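S.K.: For reference, the sequence and a predicted model appear below.
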Amino acid sequence: MAVIHRTTMTPTKLELLGSWLPTRPWYRGGESAPELSRTGGFRLDDPRGEVGIEFMTVTDVSGDRPLTYHVPLSYRGAPLDGADEALVGTSEHGVLGRRWIYDGAHDPVVVARLLALIAGDAEPQAQSVSDTPDPSVVSGFTGTGRTGVFASLTASDGPDGTDVLVRTTALAGGSGAATATATADAASGGPGEGGGTLALRVHRILRADQDAPADAAEPVGHVTAGWNLPDGTTVRGRYVVVSGTAAA
């Protein structure tokens with residue numbers, strides 16, 4: 001279960017994101033620096049207990065209208081090989097020491113646990129309270145068969161979000177804790193057979209459900225959660241969608 005340490009981070013997450021967000025192709029702000037506040041999110045557990053996983057929303061009020069960004073983050077005790085371009089920054093944690101913070105859409109452990117959540121094999125956790133599930137986070141998968149177990153990913157950032165192509169392996173007769181363990185093994189580079197691919201879109205600029213286009217195609221999978229608007233209103237929308245699947 002997620003353990004939340006009541007301590008400091010230097011620099012803070014918002015300070016790191018204030019410098020990092022304007023470098024992203026999906027950032028919609030202007031020339032002025034972002035004015036960010038944390039407005040929602042949730043966490044997932046890493047079965048190995050090595051990587052912190054947070055799906056954070058931050059709202060920027062520096063422009064003509066508030067914009068809420070979705071930023072999945074991973075917190076690691078050492079650099080992630082080959083992921084320099086996904087590094088948000090480093091921070092000194094008051095309990096854990098130096099942490100390397102990455103854009104989670106490019107981190108295999110984060111994507112593996114996201115896949116498990118969509119498959120119903122991971123339980124979302126409260127963002128700021130230890131050992132507390134968050135039932136407000138809803139996920140589902142309506143595609144053909146199971147989503148499989150994470151094997152590898154290719155992620156690309158564009159002006160509308162981050163597209164993640166996930167290769168999965170088949171898991172015979174496994175679910176729950178077995179899936180969690182196998183997913184962690186696969187994220188560490190374990191081999192597998194069978195499976196297929198899933199196309200995920202990580203929404204970066206969040207839109208409340210009631211503001212979604214009426215003719216938008218229904219995804220075959222999703223993660224839906226809430227966040228707070230500057231006036232205190234809580235809204236809900238899709239953080240992540242699965243747009244398609246294919247057999248290997």
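M.R.: On my side now, so go ahead. Here the structure is a predicted model, which means the values were calculated and not measured.
S.K.: okay, CA-based contacts and neighbour counts for the rest of this
M.R.: Noted.
S.K.: chain center to stretch 128-144: distance?
M.R.: 12 Å (Cα atoms, centre = their mean, to the nearest Å).
S.K.: do the same with stretch 92-106
M.R.: Using Cα atoms, centre = their mean, the offset of stretch 92-106 from its chain centre is 15 Å.
S.K.: avg pLDDT for it?
M.R.: Average pLDDT, stretch 92-106: 91.
S.K.: Now the one helix or strand residue 239 maps to: average pLDDT?
M.R.: According to DSSP states H and E, residue 239 maps onto strand 234-247. Across strand 234-247, the average pLDDT comes to 87.
S.K.: buried ones in that strand?
M.R.: 236-245 (16 or more other Cα atoms under 10 Å).
S.K.: so can I have a markdown table of those residues showing distance to residue 170?
M.R.: Putting these into a markdown table (distance: Cα to Cα, whole Å) gives the following:
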| residue | distance to residue 170 |
| --- | --- |
| 236 | 33 |
| 237 | 30 |
| 238 | 27 |
| 239 | 26 |
| 240 | 22 |
| 241 | 21 |
| 242 | 18 |
| 243 | 20 |
| 244 | 17 |
| 245 | 13 |
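S.K.: can you pull out the helices in the chain?
M.R.: 13-20, 108-119, 177-187 (DSSP state H).
S.K.: how about the residue nearest to the spatial centre of the chain, what does it touch?
M.R.: Nearest to the geometric centre of the chain sits residue 72, at 3.6 Å (Cα atoms, centre = their mean). Residue 72 sits next to 53-56, 103-105 when contact means Cα atoms under 8 Å, 6 or more residues apart in numbering.
S.K.: same question, residue 230
M.R.: Contacts for residue 230 (Cα under 8 Å, 6+ apart) come out as 59, 66.
S.K.: Show me which pair in the contacts of residue 72 is furthest apart.
M.R.: Farthest pair in those (Cα to Cα) is 56 and 105. Separation: 12.1 Å.
S.K.: For these two, list the residues in contact with both.
M.R.: Residues touching both residue 56 and residue 105 (Cα under 8 Å, 6+ apart) are 72-73.
S.K.: if you count what's nearby, which of those two comes out ahead?
M.R.: More crowded of residue 56 and residue 105, by other Cα atoms under 10 Å: residue 105, with 27 against 19.
S.K.: and residue 106, what does it touch?
M.R.: Contacts of residue 106 by Cα under 8 Å, 6+ apart are 83, 86, 153-155.
S.K.: what's the lowest-pLDDT member of these?
M.R.: residue 153 (92).
S.K.: Tell me, how many residues neighbour the nearest residue to residue 79 once chain neighbours are set aside?
M.R.: With sequence-adjacent residues excluded and distances taken as Cα to Cα, 6 or more residues apart in numbering, residue 79 is closest to residue 100, at 6.0 Å. Residue 100: 18 surrounding residues under other Cα under 10 Å.
S.K.: what do you get for the one 10 residues further on?
M.R.: As a burial measure, the neighbour count of residue 110 was computed by other Cα under 10 Å and equals 28.
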